[in-house]
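Asker: Sequence and predicted structure below; questions after.
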Amino acid sequence: NAGVMQNPRHLVRRRGQEARLRCSPMKGHSHVYWYRQLPEEGLKFMVYLQKENIIDESGMPKERFSAEFPKEGPSILRIQQVVRGDSAAYFCASSPIQSNNSPLHFGNGTRLTVT
Amino acid sequence: EDKVVQSPLSLVVHEGDTVTLNCSYEVTNFRSLLWYKQEKKAPTFLFMLTSSGIEKKSGRLSSILDKKELFSILNITATQTGDSAIYLCAVVIQGAQKLVFGQGTRLTINP
């Protein structure tokens, strides 16, 4: 039973390019959460999605960042026109129901480096 | 603003020592507190604490929550080099589908 799968593991982009990060939730899970971890910091909530719906995007920067979780396929976190400050580890977690009663389990993350 | 603060930020001890990591929080609507261990990859779940005063234990690790004083501690006894990691504390907010994380404690165990 595979856990949360993220790819790519490492992504290098030049300033101004687009970054697309993918997250496949655990089998049977319909809720996905994205978190960002800057160097030497804890994880910060970005967005919570259910299939085809964004439920809470209060942690997403207002510009350049978007997320989706289509009916079929993985969840995608998209960063347009990347800047150096976007360099971070991006973690995804999934749950079968709302996560309040069970701990989140995270994927291995995508480490984005903007040069 | 909801806030979780961990201390110390960094700790270096010798193998065999006992360590105590601290996590304090100020949140609007507390539901539960989680501890994670992060090595080079994903944070891995250790404990979930909901009630005060009930110790959770797993091998050499244990944790307890004090909801009156708004803090939790994570104890590791007889530390081993494999315990070297960043330990993250996170609070679940009632009614919100998100975790608020502390900045982590980087623990280094020297042989």
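Answerer: Good, I have the coordinates.

Asker: Quick one, grab the pLDDT at the closest residue to chain A within chain B.
Answerer: Proximity of chain B to chain A (C-beta to the nearest C-beta) peaks at B:Phe101, 3.5 Å away. Heads up, the C-betas are built off the backbone N, CA and C, glycines and all. With respect to pLDDT, B:Phe101 scores 95.

Asker: Tell me, how many residues neighbour the residue lying closest to it once chain neighbours are set aside?
Answerer: Nearest residue to B:Phe101, sequence neighbours excluded (C-beta to C-beta, 6 or more residues apart in numbering or on different chains): A:Gly42, at 3.5 Å. With neighbours defined by other C-beta atoms under 10 Å in any protein chain shown, the count for A:Gly42 comes to 22.

Asker: got the contact list for A:Gly42?
Answerer: Applying C-beta atoms under 8 Å, 6 or more residues apart in numbering or on different chains, we find A:Gly42 in contact with B:4, B:6, B:88, B:90, B:101-104.

Asker: just A:Tyr90 next, same as before
Answerer: The contact partners of A:Tyr90, by C-beta under 8 Å, 6+ apart, come to A:6, A:21, A:34-37, A:46, A:77, A:109-112.

Asker: again, only using 7 Å
Answerer: Contacts were defined as C-beta atoms under 7 Å, 6 or more residues apart in numbering or on different chains; by that measure A:Tyr90 touches A:21, A:34, A:36, A:77, A:109-110, A:112.

Asker: Going by neighbour count, list what's buried in the helix or strand encompassing it.
Answerer: A:Tyr90 is part of strand A:88-95, with elements assigned from DSSP states H and E. When neighbours are counted by 16 or more other C-beta atoms under 10 Å in any protein chain shown, the buried residues of strand A:88-95 are found to be A:88-95.
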